[in-house]
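Asker: Structure for this input, please:
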Amino acid sequence: MLDVDALAVTDMATNTNLVDLNNTVTETADTTAPTITAIEVQDTDFDGIIETIALTFSEPILTASAGANGFDVTSAANHGTCTAESITPNSTTSRNLTVTCTSAYTAVGDMNVVLTANAGMRDIALNQIATVTLTSASSPAITDAADPVLMSTSPASAGTSVATDADVILTFSEPMNTTFAEGTEFAQTPDATTWSSVASSSNKVITLSHSNDFNCNTSYTMVLDEAEIASAAAEALLTTGPEDGTWSFTIRSCGGSGSGGGGSSTVTSTTAVITLSNPDDGDSLDGGEDVTVTWSTSGSGHDTISLAYSTNAGLTYSEIAYNVDEDDGSYAWTVPDIDATDAILKITSYDSGKGTLDTDTVTIDIVASSASNEEADAGTTTEGAEWSDNDEHYNAPGSGEYGASPFDGSEQEISEVSAGWFIRTNGSSSVYYVDENHERFVFWDTNTFFTWSDSWDDIVWVTDATLPTLTLGDVMLPQPGVTLVKIQSDPKVYAIDVDSDGNYLLRWIPTEEIAITLYGESWADYVIDLDSTVFSKFETGEDMSESDDVDTSIMKTRVELAELAQ
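Answerer: Next comes the predicted model:
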């Protein structure tokens with residue numbers, strides 16, 4: 001309340017206010033807390049994963065109120081596991097929140113954005129923003145500002161040995177308009193068939209089927225027309241994503257060669273033979289040493305070779321190399337650091353159609369290094385952590401440094417983390433693998449985790465404040481050789497392999513006969529479903545064949561994985 005003396009207030013002509021000798025001016029204090037008035041999700045790098053949430057406030061938020069601001073982003077299914085960073089206000093009405101999610105999905109879907117009230121979000125009158133949960137149905141509602149992108153294609157770009165009856169499968173980052181017609185939404189050259197389409201996985205996956213088989217040993221090019229393709233929300237397709245919508249693949253060779261023409265001819269056939277020349281039969285090799293495996297061939301038809309070793313008298317084999325050019329004549333092998341007596345080293349020669357021509361084996365001994373034995377005695381990936389009987393899990397030691405929790409803004413001691421650990425926090429159920437560069441890779445689900453581990457006890461718990469100190473990497477994929485995989489929208493089953501550069505490969509198992517030969521009558525028990533977006537993380541390898549060597553002793557069935565998760 002402000003009282004004004006009318007006789008003391010004059011204008012430029014010295015006139016006083018004679019209307020009211022007791023003027024009163026009333027000021028009303030600002031007690032209204034700021035609110036979020038608009039929120040939208042964005043995919044600014046066009047990888048199909050939301051990484052920015054744009055916020056608009058009802059009034060400027062003080063720069064002086066900077067600090068951890070308690071944002072938490074969750075998703076039941078669409079976006080996978082999400083982690084939100086804190087924001088620093090800048091005295092404006094808008095700010096971007098950085099978020100990291102593990103699943104590709106550019107629609108809002110089931111995303112929840114929770115802001116926990118704290119002193120880090122205040123207006124100029126020091127009114128604190130209230131706790132709020134925002135969804136696609138809240139007020140304000142989360143809106144979609146991310147356009148759809150093409151996540152993956154099958155067959156993959158530059159794919160080879162594609163089956164003549166293979167469907168073309170398109171996986172998008174969000175539900176799509178399901179109209180896909182040849183000549184409008186897509187085109188193929190050469191065009192020798194009629195197409196039909198079917199949508200699946202909540203309309204994120206479009207499967208294009210053809211009435212006639214592809215031609216053998218022929219390269220095909222597919223082209224999508226982004227101007228004709230849109231999401232279910234009528235957003236135009238972007239071709240700047242993981243796939244640009246134009247790709248080619250080559251159909252496999254469909255059989256052997258023959259002699260043509262009339263008349264008589266004489267065909268000379270030379271038997272194909274392959275021989276291992278190094279190491280010699282009976283050699284003793286040191287675990288961890290680099291050995292040059294060499295071979296020689298005679299006869300005709302050799303194209304590629306594979307190398308494998310067995311430690312159980314040939315019952316099962318572990319692959320060393322596959323699809324190596326036969327002409328190379330040698331391969332650099334790092335001997336596994338194990339103890340093995342009478343191990344078998346096998347080489348197999350294939351023709352251009354991946355038919356087996358010949359094999360050769362030598363018997364060797366492998367002596368593990370002392371360093372390997374010391375490491376085996378040192379413990380598991382929890383080495384350096386401390387077991388807590390009260391918590392019934394391993395805890396990481398403290399570092400003596402402190403930081404803010406990304407979940408509630410509280411100050412916590414940052415944990416010391418060792419490479420090779422599986423970690424999680426109290427604030428999130430997500431489990432991560434930490435590599436030698438201190439990057440954390442999130443596990444997609446429990447099935448994936450238990451392809452790498454046999455117990456929840458292998459996990460080390462760290463503080464929430466530790467997560468922002470570890471760079472977030474990609475998702476962890478199932479361990480090669482432990483399971484077979486497929487997606488719900490496609491009956492094709494794949495083995496997971498890894499090449500010499502560390503790239504994870506999907507290798508299609510073309511027939512049930514091959515599956516039974518490699519994995520036994522109960523091969524289907526090894527199959528687990530993966531989300532279609534995870535398939536974009538793999539590269540395409542050669543199809544599996546009956547001549548491939550697999551080690552079923554390390555494989556786990558769906559039942560075994562489920563039991564480990566209990």
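Asker: Pretty sure Thr83 sits against Ser428.
Answerer: Yes - using Cβ atoms under 8 Å, Thr83 is in contact with Ser428, at 7.2 Å. For glycine as for every other residue, the C-beta is placed from the backbone atoms N, C-alpha and C.
Asker: Give me the more crowded residue out of those two.
Answerer: Thr83 (24 against 18; other Cβ atoms under 10 Å).
Asker: Could you list the low-pLDDT ranges of this structure?
Answerer: 1-27, 63-70, 85-86, 117-120, 192-193, 253-270, 312-319, 369-381 (pLDDT under 70).
Asker: shared neighbours of Thr83 and Ser428, which are they?
Answerer: Shared contacts of Thr83 and Ser428 (Cβ atoms under 8 Å, 6 or more residues apart in numbering): Leu467.
Asker: Next one: Met544 from Trp461, what distance?
Answerer: To Trp461, Met544 is 39 Å away according to Cβ to Cβ, to the nearest Å.
Asker: Check whether Thr341 really touches Asp365, as I assumed.
Answerer: Yes - between Thr341 and Asp365 there is a contact at 5.4 Å, judged by Cβ under 8 Å.
Asker: Now do stretch 440-456: distance from first to last residue.
Answerer: Using Cα to Cα, to the nearest Å, one end of stretch 440-456 lies 18 Å from the other.
Asker: Same check on stretch 200-216?
Answerer: For stretch 200-216, the end-to-end distance is 29 Å (Cα to Cα).
Asker: residue ranges for the helices of the chain, please.
Answerer: 370-378, 446-449, 512-519, 558-564 (DSSP state H).
Asker: got the CA positions of stretch 31-48 in CSV?
Answerer: What follows is stretch 31-48 as a C-alpha-only set of coordinates in CSV (Å, rounded to 0.1, in the frame of the first residue of the first chain):
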residue,chain,number,x,y,z
THR,A,31,3.1,-15.2,-6.5
THR,A,32,2.3,-17.1,-9.7
ALA,A,33,4.8,-19.9,-10.3
PRO,A,34,6.1,-20.4,-13.9
THR,A,35,4.8,-23.3,-15.9
ILE,A,36,5.7,-25.2,-19.0
THR,A,37,3.3,-24.0,-21.8
ALA,A,38,4.7,-26.0,-24.7
ILE,A,39,6.9,-29.1,-25.2
GLU,A,40,7.9,-31.0,-28.4
VAL,A,41,10.3,-33.8,-29.3
GLN,A,42,12.9,-33.4,-32.0
ASP,A,43,15.4,-35.6,-33.9
THR,A,44,17.9,-33.0,-35.0
ASP,A,45,20.5,-35.5,-36.3
PHE,A,46,18.0,-37.6,-38.2
ASP,A,47,19.1,-40.9,-36.7
GLY,A,48,15.5,-41.9,-35.7
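Asker: Outline the domain layout of the chain.
Answerer: Following automatic domain parsing, the chain resolves into domains at 36-144, 150-251, 273-372, 379-476, 484-564.
Asker: and those as TSV, adding distance to Asp30?
Answerer: Formatted as TSV, the domains of the chain follow (distance: least, Cβ to Cβ, whole Å):
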stretch	distance to Asp30
domain 36-144	4
domain 150-251	39
domain 273-372	68
domain 379-476	24
domain 484-564	47
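Asker: give me the number of residues near the residue nearest to Ser352 when sequence neighbours are not counted?
Answerer: Among residues not flanking Ser352 along the chain, Asp303 sits closest, at 4.5 Å (Cβ to Cβ, 6 or more residues apart in numbering). Asp303 sits with 17 neighbouring residues when counted by other Cβ under 10 Å.
Asker: Next: Thr102.
Answerer: 23.
Asker: And it, its phi and psi?
Answerer: Here is the backbone geometry of Thr102 (degrees, to the nearest 10): phi -100, psi -10.
Asker: quick revisit: and the residue nearest to Ser352, what is it in contact with?
Answerer: 326, 349-352.
Asker: 6 Å instead, please
Answerer: With contact set as Cβ atoms under 6 Å, 6 or more residues apart in numbering, Asp303 has these partners: 350-352.
Asker: Which PyMOL command selects the buried ones in those?
Answerer: To isolate the buried ones among the contacts of Asp303 in PyMOL, judged by 16 or more other Cβ atoms under 10 Å, type:
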select buried, resi 350+351
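Asker: which among the contacts of Asp303 gets closest to Pro190?
Answerer: The closest of the contacts of Asp303 to Pro190 turns out to be Ser352 (Cβ to Cβ; 22.7 Å).
Asker: buried residues in stretch 541-553?
Answerer: Within stretch 541-553, the residues that count as buried by 16+ other Cβ under 10 Å are 541-545, 547-551.
Asker: Quickly check these for the two that are furthest apart.
Answerer: Asp543 and Asp551 (19.0 Å).
Asker: Show me the beta-bridge partners of the closest residue to Asn503 other than its chain neighbours.
Answerer: In this structure, Asn503 finds its nearest non-sequential neighbour in Glu539, 5.1 Å apart by Cβ to Cβ, 6+ apart. Judged by DSSP bridges, the bridge partners of Glu539 are Leu505.
Asker: Ile344 too?
Answerer: With DSSP bridges as the criterion, Ile344 is bridged to Ser310, Thr363.
Asker: I'd like the distance between it and Asp549.
Answerer: Distance, Ile344 to Asp549, using Cβ to Cβ: 11 Å.
Asker: Same question for Ser201.
Answerer: To Asp549, Ser201 is 34 Å away according to Cβ to Cβ.
Asker: what's the answer for Glu542, then?
Answerer: According to Cβ to Cβ, Glu542 stands 14 Å off from Asp549.
Asker: likewise Thr425?
Answerer: As judged by Cβ to Cβ, Thr425 and Asp549 stand 41 Å apart.
Asker: just so I have it, where are all the strands in the stretch 51-200 of the chain?
Answerer: For the stretch 51-200 of the chain, the strands defined by DSSP state E, counting those that start in this stretch cover 52-57, 71-75, 82-84, 94-101, 111-115, 132-134, 142-144, 150-154, 159-162, 168-172, 186-189, 195-200.
Asker: Which of those sits closest to Gly409?
Answerer: Across those, closest to Gly409 is strand 71-75 (Cβ to Cβ), at 9.3 Å.
Asker: so how far is the closest one off the chain centroid?
Answerer: 20 Å (Cα atoms, centre = their mean, to the nearest Å).
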